[in-house]
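Q: Sequence first, then the predicted structure:
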Amino acid sequence: MRKVRMNVQGRVQGVGFRYTTKMLADRLGIHGAVWNEADGSVGIEAFGPQEAMEKFIAGVKASPSPAGHVTYLDITDDPMIKERNTFEVTFGY
């Protein structure tokens, strides 16, 4: 299992980015959470099998939302990420 924390910058708020990220995660069996940050970026914590995580990261980088556009993606492996049973869209930072 790989656990990552991501910060996604670009046109990622107000374009359905969080919900399409959840759809991507659900399709790949990834668990975690996605939320809007106060600075206009999107935060993601995710965990899953290595191969699925590679596909998830590639999908986020390409923007799961057709109206979105990712200009920067910071990825940090973090074994301390809380494990969840689903992938959630949350509303706090």
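A: Noted; the coordinates are in hand.
Q: what about the spatially most central residue of the chain, distance to residue 9?
A: The residue lying closest to the centre of the chain (C-alpha atoms, centre = their mean) is residue 44, at 4.0 Å. Shown here: residue 44 relative to residue 9, a distance of 12 Å by C-beta to C-beta, to the nearest Å. All C-beta spots, glycine's among them, are computed from the backbone N, C-alpha and C.
Q: And for residue 2?
A: 22 Å.
Q: neighbour-wise, which of those two wins?
A: Neighbours were counted for residue 2 and for residue 9 using other C-beta atoms under 10 Å; residue 2 has more, 19 against 16.
Q: Let me see the contact set for the more buried one.
A: Residues counted as contacts of residue 2 (C-beta atoms under 8 Å, 6 or more residues apart in numbering) are 47-50, 53, 77.
Q: Now tabulate those in JSON lines and tack on pLDDT.
A: JSON lines is the format used below for the contacts of residue 2 (pLDDT from 0 to 100):
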{"residue": "47", "pLDDT": "97"}
{"residue": "48", "pLDDT": "97"}
{"residue": "49", "pLDDT": "97"}
{"residue": "50", "pLDDT": "97"}
{"residue": "53", "pLDDT": "97"}
{"residue": "77", "pLDDT": "97"}
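Q: Which two of those residues have the greatest separation?
A: 49 and 77 (14.3 Å; C-beta to C-beta).
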